[in-house]
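Trainee: Following is a predicted model, sequence given first.
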Amino acid sequence: MEKSEWIWMNGEFVRWDEAKVHVLSHGLHYGTGVFEGIRAYETARGTAIFRHADHLDRLFRSAMSYRLELPHSQAALREATHELIRRNELASCYIRPLAFRGYGNLGLHAHDSPIEMVIAVWPWGAYLGEDSKRTGIRAKVSSWRRTSPDSLIPHAKASGQYLNSILATTEMVQAGYDEAIMLDQRGLVSEGPGENIFVVRDGTIITPPHTASILDGITRRSVIQIGRDLGYTVEERDVARAELYLAEEVFLTGTAAELVPVREIDDIPVGEPGEITRHIQNKFEDALYGRAEEYLEWLDIVEQPSVERPSKVTS
Ligand code: PMP
């Protein structure tokens, strides 16, 4: 990964290489953490964090689900993120806030272990590749089922839960595909290991519902709204595996991946990225880069000028 200079850690700005934790931190052993994946884009109005408030909201809901009391407010985390972007002099970046149980007690009921929080920002290109956003990817239905809601909490973006995504990703890479598609415990389509999924059938845009073990993706929410605003019918309903093969168009959405068309599933061609996918993708990118007036409210602009950076004073 590409380093930046500063990381925000427990209320302070520390050097990238100095942002360390104890090896007996609870989160390292049991995955007791919650996190977010956010992006900031360079727009004509300055660096803009996409749907920042919604991401921070989800972070707090994930924390609540696992009874983690976060020691900083949403407002403080927002301000810390703005300051971090300024200090690192990044015009665009990926943003990773993480809260985890730290060092203190390795019992499972570690309510007295401290909760540590970090925010890191660094340059990170499109997760599935810049080209794939134009040409589409080859996907494979995973043999691993998505986290079931009766054993974990699919709606929470919790660190330990990502072992499920990692199993699916490892299998998919070894089999030579670009991304996995996971079914839920009922055998219905759920989502990718780090993306939500949409299919187009008879001109209707369809995405699996909240009851299909999905993460409530913020890109998913944006795409549902954009689709409806553009006049399409968008349905949240269960999707059978066979519908992946019968769909006219399929695409994945996520903060890291953005909007990626799927051109083949299980070696069955879906086809070149379709008209509806392109239409939504263009509008979505306009929203990200501040070119769509109607979605400007989604942007959290990082105000300049930058603060003083003592380490960089050369005179
Ligand atoms: N599903 C999973 C499992 C994810 O990790 C992500 C990425 N956060 C998504 C869906 C997409 O969510 P978002 O659009 O909020 O990034």
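Mentor: Structure received. Residues are numbered from 1 along each chain as shown.

Trainee: if I look at Arg263, how far off is Ala80?
Mentor: 40 Å (CB to CB, to the nearest Å). (Glycine included, C-beta is placed from N, CA and C.)

Trainee: show me where the stretch 201-315 of the chain has helices.
Mentor: 218-229, 241-246, 275-288 (DSSP state H, counting those that start in this stretch).

Trainee: in the shortest one, what's buried?
Mentor: Read that as helix 241-246. Neighbour-count burial for helix 241-246 flags Leu244 (criterion: 16 or more other CB atoms under 10 Å).

Trainee: Repeat that for the last one.
Mentor: Counting neighbours by 16+ other CB under 10 Å, one finds that the buried residues in helix 275-288 are Ile276, Thr277, Arg278, Ile280, Gln281, Lys283, Phe284, Ala287, Leu288.

Trainee: Can you check what pLDDT the model gives the third one?
Mentor: What it means is Arg278. You'll see Arg278 listed with a pLDDT of 98.

Trainee: Which residue ranges of the stretch 101-250 of the chain form strands?
Mentor: 115-122, 137-141, 179-183, 189-191, 196-201, 204-207, 234-236, 249-254 (DSSP state E, counting those that start in this stretch).

Trainee: before we move on, the earlier item: now the helices of the stretch 201-315 of the chain in JSON lines, please, with extra columns for distance to the ligand.
Mentor: Listed next are these as JSON lines, based on distance: least, CB to the nearest ligand atom, whole Å:
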{"stretch": "helix 218-229", "distance to the ligand": "3"}
{"stretch": "helix 241-246", "distance to the ligand": "17"}
{"stretch": "helix 275-288", "distance to the ligand": "11"}
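
Trainee: Which residues are in contact with Thr47?
Mentor: Ala40, Tyr41, Ile85, Leu90, Ala91, Ser92, Ile301, Val302 (CB atoms under 8 Å, 6 or more residues apart in numbering).

Trainee: What count of nearby residues applies to the closest residue to the ligand within the stretch 1-150 of the chain?
Mentor: Going by CB to the nearest ligand atom, the ligand is nearest to Gly37 of the stretch 1-150 of the chain, at 4.8 Å. Applying other CB atoms under 10 Å, we find 18 other residues in the vicinity of Gly37.

Trainee: show me what contacts it?
Mentor: Contacts of Gly37 (CB under 8 Å, 6+ apart): His55, Tyr94, Ile95, Arg96, Lys157, Gly194, Gly254, Thr255, Ala256.

Trainee: Those residues also near the ligand: which ones?
Mentor: Taking CB under 6 Å from any ligand atom as the test, the ligand is in contact with Lys157, Gly194, Gly254, Thr255 out of the contacts of Gly37.

Trainee: Excluding sequence neighbours, find me the nearest residue to the third one.
Mentor: In this case it means Gly254. Excluding the flanking residues, the one nearest Gly254 by CB to CB, 6 or more residues apart in numbering is Glu195, at 3.7 Å.

Trainee: What's the separation between the one you found and Thr204?
Mentor: 20 Å.

Trainee: So for these two, which sits in the more crowded spot?
Mentor: Each of Glu195 and Thr204 had its neighbours counted (other CB under 10 Å), and the higher figure belongs to Glu195 (29 against 15).

Trainee: Hmm, the more buried one is touching Thr253, no?
Mentor: Yes. The pair Glu195 / Thr253 is scored as a contact, 5.8 Å apart, by CB atoms under 8 Å.

Trainee: Any residues of the stretch 151-300 of the chain in contact with the ligand? List them.
Mentor: Within the stretch 151-300 of the chain, the positions near the ligand by CB under 6 Å from any ligand atom are 157, 165, 191, 194-196, 215, 217-220, 253-255.

Trainee: try 8 Å
Mentor: 154, 157, 162, 165, 191-196, 214-222, 253-257 (CB under 8 Å from any ligand atom).

Trainee: Quick check on those: which are buried?
Mentor: Applying 16+ other CB under 10 Å to those flags 154, 157, 162, 165, 191-196, 214-215, 217-220, 222, 253-257 as buried.

Trainee: Now do the one helix or strand Met64 maps to against strand 115-122, angle only.
Mentor: Per DSSP states H and E, Met64 falls inside helix 52-65. Angle, helix 52-65 to strand 115-122, by axes from the mean of the first three to the mean of the last three CA atoms, to 10 degrees: 150 degrees.
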